[in-house]
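1. Here is a sequence with its predicted model. Questions after.
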Amino acid sequence: MKTQAHNILLVLLALMLYAHAGGQPDFYLKAGKPVDFDPETASNLYAADSSHCYLLRLSNKGCIEFNTGNDAFIEAFDKGLNPDNSIRLTLNSPKKYRRLQPIVFHKTNDGYLILCKFYTSANKIMKAFLIRADDTGHVNNELKVVAKIENVEPSLKDFHFFDLKKIFEGEEARYVLSISTPAELLIPERINFLIFDEQLNLIGERLIDFPDDVLDYEFSEILSGIGGPVFFRIEVTNPYFPEKTVHQLIVYDVFKDRHQSFEFEFEQGKIAKAGLFKLEENKIGLTGYYTKDDKSDEPAGVFYYVFDPYGGSLLRQKIFNLTEDGLNRIGPGNLESKSGHEHLCPKSIHLSTNNNIVLAFEYNWKDMMLIRDQEGKLYPKQVFKANEIIIFNFSPTDAFINMGIIPKQQLLNSRQGYLGFFSFLIGQELMLIYNDHPKNLKEYQGNKLKTMKTRFGPVIVNYNINKSTYLKKPLEFGKSPCICKPHDVIKLSENSMLFLNKGTKSRLIKIGF
């Protein structure tokens, strides 16, 4: 009886973890019952409706297959995060499909919609498939090829060719498939938009064609606003003068077939790196840093632009020159790690309830190390590193308030999905989740941190944006540390996050505030 009561308590447990400093928000973990499938087959693609949360579980080696004996499933979880139904994906055709790599997963009114890509190195063709399954997981017809790109070299197979957004035209739901091509294909760069209704009938097609000239156009991920506008960033480069890169933001309305563009160039310096992100309230933000000239890789300042998600108008902007103290603080010689200026990357931008703008950067890069094999021979091997997190806080009037640094040192030979961090803003607290060496939990000085290599577990950090102070807590369920990849964490609501704990007893876990 005691064992049974203990198990019930473990299933329903909401573990309150209290911070020991004033102003730090409490958070709790709520977990469902353990799942009965291999957590390594779980994707990071979720969907939800009013009654359930759905997780796409893959067939084999990160892919979806049909009629091969390796079936894919949709795992349904109830509102208590408990496994409720395991829905097998089946095809009403004997044809075999292998190596379909899922990109996007949606719940529809009467079933599920999955966008997959498929690449064959033999003929160098990249295809996009739209899979429409009913509520039972049954696919009535052969899979539908909605896009095809030829002459794709193996080195380009991981390019983000396709995406699928669900947007509304008035009261009607639409699915917009975007197709973009990289400069390396040596064809005129372009972006196509295919517009489908909920039954996947093609009802519109749009093409943004770029000049057939010597210039290269590099596209960012495409973000959807509210209604018709979609946002994407372009870096325009002349290969003969690569230092003359032009940075633009395109706001395109897929329903009205019109666009506006913003070009980012300022006297303070040269844009080094930029990223496009979705903020709170569905606003769109562009942020990054700039150097003083083309020859320098040392950040001279940071910038941000915030856009209206409905029409794409510019709402806020800031170009901030770093002070000498700020430059010294992020200098490689003062970080107690091997981070270099050129490794700094924009990672997120947030809007607080008080309208503060919070920027988060990270030193993140690939490197080469000499590894010794069992015979004692040295050979080079690619490794992945992610170090310090740099946070900037700006007031509602876009005045600089403070800058903070969260030291960390991560190095992995593989499994790079466990690097980096996930960030989430609650009031005036920036919550960050990342993996770290267990002995670093109570250590806040960068020069005393142990490098995370093979032993690690997730921590959750409460960073107060006004005080520029933070506390670390282990992300544990009961006495067992959780196992998760930061980029597998999703935002469930304005005050909660969700992830699949891939520990000994894997279960869906919600972090609430």
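-> The structure has been received and is ready for your questions.
2. Can you find the helix or strand of the protein with the lowest average pLDDT?
-> Ranked by mean pLDDT, DSSP states H and E, the helix or strand of the chain with the weakest confidence is strand 14-17, at a mean of 35.
3. mean confidence for the next helix or strand after that one?
-> Next in sequence after strand 14-17, counting helices and strands by DSSP states H and E, comes strand 27-31. For strand 27-31, the mean pLDDT works out to 89.
4. Please state the mean pLDDT value computed over whichever helix or strand comes after strand 27-31.
-> Using DSSP H and E, the helix or strand that follows strand 27-31 towards the C-terminus is strand 42-48. For strand 42-48, mean pLDDT is 94.
5. and if you look at stretch 56-66?
-> 91.
6. Which stretches in the stretch 1-150 of the chain count as strands?
-> 14-17, 27-31, 42-48, 53-57, 64-66, 73-77, 83-88, 90-91, 97-107, 111-120, 125-134, 138-139, 144-149 (DSSP state E, counting those that start in this stretch).
7. Include mean neighbour count and distance to residue 226 when you put those strands into a markdown table, please.
-> The C-beta positions use only the backbone N, C-alpha and C, and glycine is treated the same way. A markdown table is the format used below for the strands of the stretch 1-150 of the chain (neighbours: other Cβ atoms under 10 Å; distance: least, Cβ to Cβ, whole Å):
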| stretch | mean neighbour count | distance to residue 226 |
| --- | --- | --- |
| strand 14-17 | 12 | 34 |
| strand 27-31 | 20 | 29 |
| strand 42-48 | 19 | 19 |
| strand 53-57 | 22 | 23 |
| strand 64-66 | 23 | 31 |
| strand 73-77 | 22 | 28 |
| strand 83-88 | 16 | 31 |
| strand 90-91 | 18 | 35 |
| strand 97-107 | 19 | 17 |
| strand 111-120 | 20 | 20 |
| strand 125-134 | 20 | 23 |
| strand 138-139 | 18 | 31 |
| strand 144-149 | 16 | 24 |
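8. To residue 317, which of those lies closest?
-> Proximity to residue 317, assessed across the strands of the stretch 1-150 of the chain by Cβ to Cβ, is greatest for strand 97-107 (31.0 Å).
9. Between strand 53-57 and the closest one, find me the angle.
-> 170 degrees (axes from the mean of the first three to the mean of the last three Cα atoms, to 10 degrees).
10. Need the CA coordinates for strand 97-107. CSV is fine.
-> Extracted C-alpha coordinates of strand 97-107, given in CSV (Å, rounded to 0.1, in the frame of the first residue of the first chain):
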residue,chain,number,x,y,z
TYR,A,97,8.5,5.4,-47.9
ARG,A,98,11.8,5.8,-46.1
ARG,A,99,13.9,8.6,-44.6
LEU,A,100,11.1,11.2,-44.5
GLN,A,101,12.5,13.9,-42.2
PRO,A,102,9.8,15.8,-40.4
ILE,A,103,10.1,19.6,-40.2
VAL,A,104,6.7,20.9,-39.0
PHE,A,105,3.8,19.2,-37.1
HIS,A,106,0.3,20.7,-36.8
LYS,A,107,-3.0,19.6,-35.3
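11. And that strand, what does it pack against?
-> The contact analysis (3 or more Cβ pairs under 8 Å, 6 or more residues apart in numbering; DSSP states H and E) places strand 97-107 against strand 42-48, strand 53-57, strand 64-66, strand 111-120, strand 162-169.
12. Run through who's touching it.
-> The contact list for strand 97-107 (Cβ atoms under 8 Å, 6 or more residues apart in numbering) reads 43, 45-49, 54, 56, 58, 61-68, 91, 112-119, 129, 131, 143, 162-164, 166, 175.
13. Go again with 6 Å.
-> 45, 47, 49, 54, 56, 63-66, 113-118, 164, 166 (Cβ atoms under 6 Å, 6 or more residues apart in numbering).
14. Sheet-wise, list the partners of that strand with their directions.
-> strand 64-66 (antiparallel), strand 111-120 (antiparallel) (DSSP bridges).
15. need the ones you listed in CSV with distance to residue 284, can you?
-> Below are those laid out as CSV (distance: least, Cβ to Cβ, whole Å):
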stretch, distance to residue 284
strand 64-66, 31
strand 111-120, 22
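16. Walking through the stretch 201-350 of the chain, point out its strands one by one.
-> 202-209, 216-219, 223-224, 229-238, 241-253, 258-264, 270-278, 284-291, 299-307, 314-321, 344-351.
17. and those, which one is worst for confidence?
-> Lowest mean pLDDT within the strands of the stretch 201-350 of the chain: strand 216-219, a mean of 85.
18. Does anything pack onto that strand? Which helices or strands?
-> strand 229-238 (3 or more Cβ pairs under 6 Å, 6 or more residues apart in numbering; DSSP states H and E).
19. Give me the contacts around the strand it packs on.
-> 215-220, 222-224, 244-253, 276, 284, 312.
20. repeat for stretch 143-158
-> Contacts of stretch 143-158 (Cβ under 6 Å, 6+ apart): 119, 121, 124-131, 177, 179, 184.
21. Nothing else from me, thank you.
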